[in-house]
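Structure here, sequence nowhere to be found:
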C-alpha cells in the first residue's frame, strides 16, 4: 500500500508527460485525479493506523543495492509508517489535491511542466516521510528539492531567480553535510535501517554522536528554517507561485522539523539532551524575531512568510523541551501550521489574482465586496493566532505547557510571541479586510467562486476538527512518542550519572 | 603454434580495431572527395564488431572469477579490468562518431582521417589499459597522445584549434618525458618493467622487488614513482598538471573534446589504478611497500582535495560552457581520485563505478554543448537563455545530466558519489569526504546556471530547428543516466568484477 502511495504521483507525472501540452483540461484532470486518489489512500491509511503501537506499520520492503566495503550493508527500499510520520504523510496526501486545484487560477502557462514537477515533488515528499531506510530517506529528500527549484524559478514572481538560487544553495549546502553524516552513520553502525540505527546509534562514542547530531541538525535547521538560516524562506515564499508557497509552508518545511524529531532527537537522544537549551533558545528567539519581522512588512505574503518563521519557532521550542506534552504539541503544531498558513497563502493568492498586488496599503474594506473571502481569511488568521476551539490553540498550548515543564524562561518568551502574533496578524487583517474602502478597485472585486470555496472548505473543516477533537489526531502519536520519551529519559539518566561520576572523580 | 593462435583470439578486439582503422584510412583514400559519411558508418559497424568480441570476452572473464590471461610473453594482460574500460571506450568512440555525424559544422571537416585518428586513439587506449608492462603502457599512451594532438588541431584553419594542439603537444611531450624518466629509473632499480614482478619480487636475485629497494634506500624509488604518477596526473588533468586542460578542451573541435574529456581521461585513470594497485596493494605485497603505499594514498588524497576544489572554483567564473565543462572535468578527476586514495579494493571499484557514471553524464553534457553550438553558433551560457522552451527534450535531458554531475539523486552520478563517499569514510578519509561534499555545493552553483539559463528565462525569440536523430540519441543517454542511478546493480557488479581481476588484497585491519 505504501509503495503505491509513494509512487502513484510519479505514475501520474508520467501520464501527464504523455498528454499533449495543448490539452490543459485533460492534464489538469489527470494530475488532480492522481492526487485525489493519493489523498484518499492517505485518509484510509490514517484511519487504519494503530496509534498505540510504536512499531512501523504497513511496512513494504524490497532489496535495492549493497554498499561494498568492510561490511556489506544492504540498502533497501524500505517504506513504513509510524506515529512520527503518520500525520505528516496524511497531511501531504490531503494538501496536494488542494494545491493542484489552486494552481488552476494562477498557472496559465506551461501547465504541463508545472503539474509534472508538482507530482514528482509529491512522490519525493511522501517518500521522505515514509522511508525507513536512511539512504532511501536521503534519496527522496534530494528528489523533492529539484522540483521546487523549477516551480519557484519558472512560475515565480519578479525576483524569482534570486530567490530560487538562494533557496537551492542554502538547502543543498545543508543536505550535503547531512549526506556526509548519513554515510558516516551508516558506516559506523553497519546498517541503514532506521529502526536498527535508532537502537544502535546510542552505542556510538559520545563525540561521534555529537558530530553526527550536528551534521543532521544543521541540514534540518536550514530546512525548517531556524534562526539564523531563515533568510531564504522569506524570499522563496514571497517569490513562489501560490501553490508553491502552500507546498513549501504545508509540507516542505515540515521535512525539516520531522527530520529533527526522527533523526536529531530520535537517533541521538544524548546529544539532543545536551543541545536542547540551544535549540530551545533558537526556537524562542525565532518566535519573537519572526513576529517582529512580520510586523514591519507591507507585502502581505512576506508577512505570512515571516510569521512562518515565528510559528516554526514554536515547533522547535516544543520539540526540544523534550517532554511528552511538548513533543506531542510540536507534532500537532506541524500539521496546524501546514493547514492555517497554507490556507492563508491560498487566500492571498486569490486576492493577488484579482488585484495583482500584495501591498497591504492597497487594500482595506474588502469585507464589503468579498464577504466570503473575509470569512475565510479571518478564520485562517484566528486559527494562526491560536483561538481556543481551533487547531492552533491545541498545538501552542501543549507546546507552551511542555516547554514550561522544561524551562519556564523560554516558555515565557514563547508566550510573548503569542501576543506579538496576535498583534501583527490582527492588525494586518484590520487593514486588509475591514475599514472603509479607500481604493476604488477594491469595491468591485468578485467574491470567491465555487472552486476557490472548495479549496478552503476542507482545510477549514480540518482546523475545526483538530481544535474540537484533538485526541483523534494526538492518539495516533502515542506509541511512538512514548517510546521516544523513554529513550530520552534513559539518556537523561545516563547523562546525570556521567556527571555524578565526574563530580565524584574530582 | 597453437598457443600463439589462441593468444591471437584473446587480442581479437585489438586486432579488429587496428584492421578497421587501416581499412578506414584506405577507404577514404580510394573514395576521396565523396561523402565521408560512409566512412563513419563503416567505423560504427566495425566498432559494433569490436564491442561484440569484447562482450564475449567479458562473459568468459567474468565466468572465471576475474582471472587474467597474458598474451605475447606477458606483454598484454587480458583481464576484466581492462575489458571494462575497453567496452566503455568503444561506447564513447561510437558516441563521438555519432556526434561528428550529427553536427553539420563538423561534417565539412569530417573527412576520413578524422575517423582514422579516433580509431587510432582507441587502439592506444586498448593497449594501455590491458598491460602490466610499462613499455607497452608507454607505447599505448603515446599512441593515444599522438592521435589526440592531431585531433585537437583538426580545424587547422582556426587559430584556437591550432593553439590547442600546440599547447597539447608541448605539455604532453614534457609530461611523457618526465614519465619515461621515471620508468627508466624504476627499470634501473628493479631490473624489470613488469609491474607484477616489481610488486611481489622478493629481492633474492634479479629482478629486485620494490621491497628490497625501499628497505635499502627509499628515495630513488619514491622519486621514480612520483615521476610516473606525474605523467598519469597530466593525462587525467590533476592539479597541478591541469593547465593544458581548459585551453585544449576549448580549442579542440567539440567531438574531440568529448573524446579527450571522457575516453582519454578514463583510460588515464585505468592505468593509474592499475599502476598503484599492482605496486602497493597486490596480494602478498611486502609490508614495507604497503607502508609506503599508505603515504602515496595520502598524497593522492591531498591532490584529490586540491584538484576538486580548484576545478570547481575555477568553473564558477566561466561564461563559456565549453570551458566550464573543462573545469568541471578537472573537478571530477578529483572525485575519482578519492576512490584511489582509499587504497582499498572497494575504493577502486567505487572509482570505476564513478568513471562509468562519468561516461554517461559527460557524453551527454558534451552532446548538449555540441547541439547548441550548432543552434546558437556560440558556446556562451548566456546564449542558452530561454532555449529550454524551444528544444525541450534536449534541455530536459540536460537537466538530468546536470543533476547527475552535481551528484543528486535519482541519477547515476549520485550513486557514484555515494559509493566514493562511503569508501572514503571507510578508509578514514572523513576530511576528504567533507571537502568533496562542500565542493558539490559549489558545483551546484555553476551547473545550475545552465538550467537557469535554459528554463528560468523568458522563452527565446529564436527557434531551434528539430534534429530528431541527435535529440533521440541524447535522450537515450539521459535515460541511462537515470536508470543506472536507480537500478545500480549491473554497473556495480561490473566494477567489482573488474577490481577483482586486479588481484588487490582486502585491506588487513
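Yes, it's here. Since we're looking at a predicted model, the values are computed, not measured.

how about the closest residue to residue A:387 other than its chain neighbours, what does it touch?
Leaving aside its sequence neighbours, residue A:387 sits nearest to residue A:393 (C-beta to C-beta, 6 or more residues apart in numbering or on different chains; 6.1 Å). C-beta coordinates here come from the backbone N, C-alpha and C atoms, glycine included. Contact analysis of residue A:393 by C-beta atoms under 8 Å, 6 or more residues apart in numbering or on different chains lists A:386, A:387, A:467.

same check, this time on residue A:403
By C-beta under 8 Å, 6+ apart, residue A:403 lies in contact with A:280, A:317, A:318, A:321, A:323, A:326, A:410, A:411, A:414.

Report pLDDT for the residue nearest to residue A:387.
pLDDT, residue A:393: 88.

Residue A:18 now?
87.

quick one: it from residue A:102, how far?
Using C-beta to C-beta, to the nearest Å, residue A:18 is found at 24 Å from residue A:102.

Near chain B, which residues of the stretch 1-150 of chain A? Just list them.
A:64-70, A:110, A:135, A:138-139, A:142-143, A:145-146, A:149-150 (C-beta under 8 Å from any C-beta of the partner chain).

Mind checking which of those land in helices?
With DSSP state H as the criterion, helices contain A:135, A:138, A:139, A:142, A:143, A:145, A:146, A:149, A:150 from among the residues of the stretch 1-150 of chain A next to chain B.

Weed out the non-buried ones from the contacts of residue A:393.
Neighbour-count burial (16 or more other C-beta atoms under 10 Å in any protein chain shown) applied to those gives A:386, A:467.

hang on, the earlier thing: I only care about the residues of the stretch 1-150 of chain A next to chain B that end up buried; give me the ChimeraX line for that.
Command for ChimeraX that selects the buried part of the residues of the stretch 1-150 of chain A next to chain B, burial taken from 16+ other C-beta under 10 Å:
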select /A:64,65,67,68,69,70,110,135,138,139,142,143,145,146,149,150
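
now the longest strand anywhere in chain A and helix A:134-143, what's the angle there?
As assigned by DSSP state E, the longest strand anywhere in chain A is strand A:57-67. Interaxial angle, strand A:57-67 versus helix A:134-143 (axes from the mean of the first three to the mean of the last three C-alpha atoms, to 10 degrees): 90 degrees.

Relative to strand A:57-67, what are the paired strands and their orientations?
According to DSSP bridges, strand A:57-67 forms sheet pairs with strand A:73-81 (antiparallel).

Let's see the pLDDT reported for the residue in the stretch 401-506 of chain A that chain B sits nearest to.
Going by C-beta to the nearest C-beta, chain B is nearest to residue A:491 of the stretch 401-506 of chain A, at 25.1 Å. Looking at residue A:491, its pLDDT reads 84.

name the element it belongs to?
Taking DSSP states H and E as the criterion, residue A:491 maps to helix A:478-505.

Return the set of buried residues in that helix.
Neighbour-count burial for helix A:478-505, with 16+ other C-beta under 10 Å as criterion, is recorded at A:478, A:479, A:480, A:481, A:483, A:484, A:485, A:487, A:488, A:491.

which other helices and strands contact it?
helix A:269-295, helix A:324-355 (3 or more C-beta pairs under 8 Å, 6 or more residues apart in numbering or on different chains; DSSP states H and E).

Going along the chain, name the strands of chain B.
Using DSSP E, strands in chain B cover B:69-71, B:76-78.

Lowest average confidence across those strands, which one?
Here the lowest mean pLDDT among the strands of chain B goes to strand B:69-71, at a mean of 79.

related to what we said a few turns ago, name the nearest of the ones in helices among the residues of the stretch 1-150 of chain A next to chain B relative to residue B:221.
residue A:135 (41.8 Å; C-beta to C-beta).

where's the closest one relative to residue B:438, distance?
Going from residue A:135 to residue B:438 by C-beta to C-beta gives 20 Å.

what sits against the closest residue in space to residue B:150 that isn't next to it in sequence?
Nearest residue to residue B:150 in three dimensions, chain neighbours excluded: residue B:117, at 5.5 Å (C-beta to C-beta, 6+ apart). Counting by C-beta under 8 Å, 6+ apart, residue B:117 touches B:147, B:150, B:151, B:154.

Look at residue B:250 and report its pLDDT.
Residue B:250 carries a pLDDT score of 90 in this model.

try residue A:69
With respect to pLDDT, residue A:69 has a value of 61.

And residue B:434, how far from chain A?
Look at residue B:434 and chain A: by C-beta to the nearest C-beta, to the nearest Å, they are 6 Å apart.

nearest residue to that residue other than its sequence neighbours?
residue A:180 is the one closest to residue B:434 (C-beta to C-beta, 6+ apart), at 5.5 Å.

now whichever strand or helix holds the one you found and strand A:57-67, what's the angle there?
For residue A:180, the element it lies in under DSSP H and E is helix A:160-189. Orientation of helix A:160-189 against strand A:57-67 (the same axes, to 10 degrees) gives an angle of 80 degrees.

Can you name the element that comes right after helix A:160-189?
helix A:194-201.

Could you list the buried residues of that next one?
Within helix A:194-201, the residues scored as buried using 16+ other C-beta under 10 Å are A:194, A:195, A:197, A:198, A:200, A:201.

What of stretch B:465-475?
B:467, B:470, B:471, B:473, B:474, B:475.

Domain-wise, how is chain A divided?
As given by automatic domain parsing, the domain ranges for chain A are A:1-266, A:268-506.
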